[in-house]
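**Q** structure for the following, please:
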Amino acid sequence: MVVGDNDACVPYIGSQAWTSELAANNGWSVAQPWSPWLVNAQVAGYATVYTGTTGEDFTFATVYNAGHMVRCSDNVHMETLAISKH
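**A** The predicted model follows:
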């Protein structure tokens, strides 16, 4: 799940709480705690990676300075491409 961190209508905090609750309710473990992810040695956002009960990873990530339509934000093309590869 990818969300922008610059959105007053749909703040990432709510999505982060929902994702955390979803993980807890389904027995997913935290494979990588909340930490920055980088593009060109600069923080492009933050992410938590969960591992599901069947071994698949699920990532909750923010994209720095993007709104709730992350892929449509003019200023985050590189960041969106980078997180899409993960």
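**Q** now for Thr51: which residues touch it?
**A** Residues in contact with Thr51, defined by CB atoms under 8 Å, 6 or more residues apart in numbering, are Trp28, Ser29, Val30, Ala31, Asp57, Phe58. (Each C-beta comes from the backbone N, C-alpha and C, glycine too.)
**Q** show me what the helix or strand encompassing the fourth one is packed against.
**A** Spelled out, that is Ala31. Assigned by DSSP states H and E, Ala31 belongs to strand 29-39. Here strand 29-39 touches strand 42-51, helix 77-84, going by 3 or more CB pairs under 8 Å, 6 or more residues apart in numbering; DSSP states H and E.
**Q** pLDDT (mean, whole number) over that strand?
**A** Mean pLDDT, strand 29-39: 94.
**Q** now swap in stretch 55-71 and tell me
**A** The model assigns stretch 55-71 a mean pLDDT of 84.
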